[in-house]
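Trainee: Sequence and predicted structure, then a few things I'm wondering about:
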Amino acid sequence: MTNPSTFGAGLLSAMLVVALAGCAAPAGQDAEMVSTVGGRSAAAAPARPAPPDPMALGNADAPLMIVEFSDYQCPYCRRFHAEVLPELRRNYIDTGKVRLVFKDLPLPMHREALPAAVAARCAAAQGKYWEMNEALFANQADLSADLYPRIAKALGLDLKGFEACRADPATAQTVMGDARGAQQFGLSSTPSFLIGRREGERLRVESVGRGFAAYSVFAHELDKLLAATAKDGGS
């Protein structure tokens, strides 16, 4: 993993409801992420209204948003959650500057990606989404049908309700709704990211990232957008 990461610029034509929630990143290679050039217009996507999204972190009124499309069996996704997300939370999310919304993009080559995403959704129904999210990535090498109820029990979930949720086809359909949303943006690898500014009830997508990128890459993009937002607000 020595290739530089950049945020990819590109005009977007699809619409994404950010009420949604990628690893096709080539082996041994970090994915690319490239900054958009100021003045380019990107597609606006409706931001998620209340009720609160259990798969989101940060203030709903934060000026910036990151939409992450992820796969629980993808090692690059696990690396993002282990190495990058803690610093993003500390410096941008917990300070009210950025809201992160997690979306599922289970890849067909990962047999446990969809079942793991379903388990996370069922934990969300009992108010334990991020605890399950963290446990699934921490136990990525052991994802299996036996693991999910063990984690649920450790988290104090109602196991009967958890298993009923896992068995409900509607839960998997909701997960795949996220995947269809990613496809609208041409996103087929994990992790993938949309970064943009909130405009009222909509999200203006400014940057698209495909694959793992270091914290410094995210910080550069976010600081640039925060500066532009402050400038626009003062003009």
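Mentor: Arrived safely, thanks for sending.
Trainee: which other helices and strands contact the lengthiest helix in the chain?
Mentor: Determined from DSSP state H, the single longest helix within the chain is helix 215-234. Here helix 215-234 touches strand 64-70, helix 85-88, strand 192-199, strand 202-210, going by 3 or more C-beta pairs under 8 Å, 6 or more residues apart in numbering; DSSP states H and E. The C-beta positions use only the backbone N, C-alpha and C, and glycine is treated the same way.
Trainee: how does it look with 7 Å?
Mentor: Using 3 or more C-beta pairs under 7 Å, 6 or more residues apart in numbering; DSSP states H and E as the contact criterion, the elements in contact with helix 215-234 are strand 64-70, helix 85-88, strand 192-199.
Trainee: Could you check the angle that helix makes with strand 192-199?
Mentor: Between the axes of helix 215-234 and strand 192-199, defined by axes from the mean of the first three to the mean of the last three C-alpha atoms, to 10 degrees, the angle is 20 degrees.
Trainee: Dump helix 215-234 to CSV, restricted to CA.
Mentor: Taking Å, rounded to 0.1, in the frame of the first residue of the first chain, the C-alpha atoms of helix 215-234 are listed here in CSV:
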residue,chain,number,x,y,z
TYR,A,215,-6.3,11.1,7.4
SER,A,216,-4.2,14.0,5.9
VAL,A,217,-6.1,13.6,2.6
PHE,A,218,-9.5,14.0,4.2
ALA,A,219,-8.2,16.9,6.4
HIS,A,220,-7.0,18.7,3.3
GLU,A,221,-10.4,18.3,1.5
LEU,A,222,-12.4,19.2,4.6
ASP,A,223,-10.3,22.3,5.5
LYS,A,224,-10.6,23.6,2.0
LEU,A,225,-14.4,23.2,2.0
LEU,A,226,-14.7,24.7,5.4
ALA,A,227,-12.7,27.7,4.3
ALA,A,228,-14.9,28.1,1.2
THR,A,229,-18.0,27.8,3.3
ALA,A,230,-16.8,30.5,5.7
LYS,A,231,-15.9,32.7,2.8
ASP,A,232,-19.3,32.2,1.1
GLY,A,233,-21.0,32.9,4.4
GLY,A,234,-19.2,36.1,4.9
